[in-house]
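S.K.: please work out how this folds:
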Amino acid sequence: MLDPETRHLLTDALRPPDGHRVDVAVATTYTLNLDSLLLAPLAMAAYAHTSENVESVSALALLESVRRYAAKTTVFVQAGGIHVPSQYRRLSAFAEDCVVEVIPPTDHVFHPKVWAVRFVTPEGGYSHRFVCLSRNLTMDRSWDTVLILDENPDATNLVDAASLGEFIRELLTMANPARALKSDRANRIVSLADTISLAKFEAPNPFTRGEIHVFGSSSGSSWPLPARADSLVVISPFLDASTVARLPVTGSSMLVSRDVAFDRIGAGSLTGVESTHVLQPGSDSPDDPDGADGMGESGTPGRPGEVPKGLHAKVFAWDTGKTGHVLTGSANCTGAAFGGNVELSVLLEGPKSLVGAGVLLDAKSGLKRVLQPYSPKNQEPLDDSAFALEREIEKHHGELALCGLILRVGAADAKYLLSLSLRHPVAPLGDTTIRPIAVSKFRALPLDGLRPSWTDLGLIALSPYVVVETCLSRDGVDVTRSCVLQAELLGAPDDLNDQLFREILARGEDILRYLALLLGDPSLDSLIAAFMEGQTEGSANSIGARGFDDLILLEPLVRAAARSDGALDRVNDELEALKDNKGQLPQLSSEFFDLWRVVWEARKVPDGG
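M.R.: Numbering: from 1, shown residues only. This is a model prediction of the structure:
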């Protein structure tokens, strides 16, 4: 249990079972990396990919998967929790509507890290998957846990999903009221909540049952640990003295955390714990030269509560009688986690001989091999003024999200301009600047009550995302934090995404490769490459005397029509989106469109007609 040699990628957890397709997906996260967001649809599209580095992925595969699944995927993130990218990718524009800011309870945070996915089965029914993590949707390289539960109608070791459905439904009430959720997206979320509530999730063997605990919501759970236990192991990157004192009284207890967390609460707060441990040096993931978010060591500082590498798992394991218990998910060993934060963890139970605190630290599990004892030298808690300032900035950024940021689009000399305003004033804090996400940081302007504006902008700059940075100094302590917030974008072209789509697929070769992805025919890519290498000037759409489209596209199109899996519908929709304002797509030949019309009309003919 929790063998450090057992690794999982989030993309593996989101990949549909054979023959299934994603119908709707909802995720929650405290922080969000916009590149990580692009990898989720890639997994849903079942593209083979074994890395969490977006740079190693085919740009066309990313484009196709994001456009296919953006409307079906919604990610709820704490307002102010979106990381500032080193560069805003054009592909991210197609996923902008996926992201929904959440306004957390006052003085608390929105902290759950889950995926709830509904698949359509080969028979046309529904099947569900629930993924509960300790990791945010970021590029962090930390030690985390992931629990994957699949629906199994025949299972007897069940995890009750009723509270999960209620949690998904309540997400709609937590969304930032300054940005209304589109009705079709909201309806998908409600539909998922209804069906997943009835799902029979199977607990992983050898667990015999499980419960989903939501904390901090209107229907949430309370402290789930008993007053006494036979043995206890707690793994948490963050601690506070009051919650450590609240842990079950036990004859054998171990607390695993980070040295800075132990130092922060002091040795005097750990007298009731038998042993305290940290990860051994070198047991962490190798240093990432590009930083946790690919921004380099000088990248944007993280938010309070973030651990880009090192220990980030959150596990409470205890044994009582013959039963072992494991609570895993987003909740740290802190008062905030169980006293106001929105959190989600899963409590699993099974025979003590196979699961629980004792098994967790069994020599065979391997976990002990990466731990070493640690005792803070200070008896009293340490004052952390920087952490307090970070929380103050975080709260200020949340207030900015709630105030109603508006970006108005104007046009000038074939370029665009953007001007920013606020529906409701917000009290200033420190030195705060703001800029559109695709605009250079050197063009950031003070948020000082005036109306900042930016000129000479391209199409990619027309995004609702803005970057806010606040510098705060107090009593000799300086803290700078930045984040991405969502504004309401007014006056943008109605076909903004289609224009971006046409910019990305400006070459005929790229359009054909994209069609190959839509048709799901892997042989097409090599044939297209061979054709393009053999092109000569004046023969842009032919190989010898035969038309390129006749040679390469006919059979894949016919096979796609025979499969009736929606591939031709996607091709049709994307061809329409690629046409210019005159309804033309000059990059493709007339022969292609003749062929396309024949195939498209043939698919409409009923069997026997």
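S.K.: quick check on the most centrally placed residue in the chain: phi, psi?
M.R.: With distances taken as C-alpha atoms, centre = their mean, residue 137 lies nearest the centre of the chain, 3.6 Å away. Backbone torsions of residue 137, given as degrees, to the nearest 10, read phi -80, psi 70.
S.K.: and it, how far from residue 594?
M.R.: Using C-beta to C-beta, to the nearest Å, residue 137 is found at 45 Å from residue 594. (Each C-beta comes from the backbone N, C-alpha and C, glycine too.)
S.K.: and the helices in the stretch 451-600 of the chain?
M.R.: 496-504, 508-519, 523-533, 548-552, 554-563, 567-578, 590-604 (DSSP state H, counting those that start in this stretch).
S.K.: by mean pLDDT, show me the worst of the ones you listed.
M.R.: Ranked by mean pLDDT, the helices of the stretch 451-600 of the chain end with helix 548-552 at the bottom, a mean of 54.
S.K.: what's the next secondary structure element after the longest helix seen in the chain?
M.R.: Across the chain, the longest stretch assigned as helix under DSSP state H is helix 385-402. Next helix or strand after helix 385-402 toward the C-terminus (DSSP states H and E): strand 405-412.
S.K.: the helix or strand just after that next one packs against which elements?
M.R.: Using DSSP H and E, the helix or strand that directly follows strand 405-412 along the chain is strand 415-422. Applying 3 or more C-beta pairs under 8 Å, 6 or more residues apart in numbering; DSSP states H and E, one finds that strand 415-422 contacts strand 405-412, strand 453-457.
S.K.: mind giving me a markdown table with those and columns for mean pLDDT and distance to residue 104?
M.R.: As requested, the helices and strands packed on strand 415-422 are exported to a markdown table (pLDDT from 0 to 100; distance: least, C-beta to C-beta, whole Å):
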| stretch | mean pLDDT | distance to residue 104 |
| --- | --- | --- |
| strand 405-412 | 93 | 18 |
| strand 453-457 | 95 | 30 |
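S.K.: number of residues surrounding the nearest residue in space to the residue nearest to the centre of the chain that is not next to it in sequence?
M.R.: The shortest distance from residue 137 to any non-neighbouring residue, by C-beta to C-beta, 6 or more residues apart in numbering, is to residue 29 (4.2 Å). Burial measure for residue 29: 28 neighbouring residues, criterion other C-beta atoms under 10 Å.
S.K.: mind listing what's buried along stretch 125-133?
M.R.: Across stretch 125-133, burial judged by 16 or more other C-beta atoms under 10 Å covers 126, 127, 128, 129, 130, 131, 132, 133.
S.K.: do the same with stretch 155-168
M.R.: In stretch 155-168, counting by 16+ other C-beta under 10 Å, buried: 157, 158, 159, 161, 163, 164, 165, 166, 167, 168.
S.K.: go through these and say which is closest to residue 39.
M.R.: residue 168 (22.1 Å; C-beta to C-beta).
S.K.: so who does residue 146 touch?
M.R.: 8, 10, 13, 131, 132, 133, 134, 135 (C-beta atoms under 8 Å, 6 or more residues apart in numbering).
S.K.: one step back: for residue 452, state which of the buried residues of stretch 155-168 is nearest.
M.R.: Ranked by distance to residue 452 (C-beta to C-beta), these are led by residue 168 at 37.1 Å.
S.K.: that closest one in helix, strand or coil?
M.R.: helix (DSSP: H, G, I helix; E, B strand; the rest coil).
S.K.: surely it touches residue 26?
M.R.: Yes. Assessed by C-beta atoms under 8 Å, residue 168 is found in contact with residue 26 at 5.8 Å.
S.K.: isn't residue 203 right up against residue 209?
M.R.: Yes. Judged on C-beta under 8 Å, residue 203 makes contact with residue 209 at a distance of 6.2 Å.
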